[in-house]
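1. take a look and give me a structure for this.
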Amino acid sequence: MKHTISVLVEDEAGVLTRIAGLFARRGFNIESLAVGPTEQVGVSRIIMVVPGDDDTIEQLTKQLHKLINVIKVTDITKIPCVERELMLVKVSTNSANRGELLQVAQVFRARVVDIAEDSLTLEVVGDPGKMVAIISMVSKFGIKEISRTGKIALTRESGVNTEYLKSLETKV
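-> Numbering: from 1, shown residues only. Okay, the predicted model is just below:
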């Protein structure tokens, strides 16, 4: 199972290196990593997506707590969250299929950020599932390049679990 870990750290040199080193020493892969400043000056939030079972992730979070400059570690996998990614995808196109590609972009609310004779670059923002879906739809045109930010997430103060709501919609 993939776990989403939120880590608040003091904004100091070497913090990310220590965290990455901890994962490397234990043979764990970080599938997604996003780091940025928070609302509090001098504090950064790191969002990591890490594969592993519950016991292993619990052990990793305990180890993260012991690191210098780590303020708070939370496994937010099972907590209602708002999750987003940003992706730029450059897709092959020509005059014959450009209209179809633009329709796909419109369905996914993707923005065209660059256009050339033989390609179109789209900016896509959404949850990780949306990224997978649009990649599968545009792959038939031929993907030239992809750049993704990795997942960022914040817990929902409302406590509304959108995954639960989606499951109700599919039953109706």
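
2. per-domain residue ranges of this structure.
-> Listed by automatic domain parsing, the domain ranges of the chain are 2-75, 82-153.

3. and the residue lying closest to L67 once chain neighbours are set aside, which helix or strand is it part of?
-> Nearest non-adjacent residue to L67, counting by CB to CB, 6 or more residues apart in numbering: R18, 5.3 Å away. All C-beta atoms are positioned from the backbone trio N, CA, C, and that covers glycine. Per DSSP states H and E: R18 is located in helix 15-25.

4. sorry, back to before: turn the domains of the chain into a markdown table, including mean pLDDT and distance to V160.
-> Formatted as a markdown table, those follow (pLDDT from 0 to 100; distance: least, CB to CB, whole Å):
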| stretch | mean pLDDT | distance to V160 |
| --- | --- | --- |
| domain 2-75 | 93 | 17 |
| domain 82-153 | 95 | 10 |
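
5. turn those domains into a markdown table, columns for mean neighbour count.
-> Output for those, formatted as a markdown table (neighbours: other CB atoms under 10 Å):
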| stretch | mean neighbour count |
| --- | --- |
| domain 2-75 | 15 |
| domain 82-153 | 16 |
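
6. the residue nearest the centre of the chain: what's it in contact with?
-> In the chain, the C-alpha nearest the mean C-alpha coordinate belongs to K151, at 1.4 Å (CA atoms, centre = their mean). By CB atoms under 8 Å, 6 or more residues apart in numbering, the residues touching K151 are 4, 32, 34, 47, 49, 83-85, 128.
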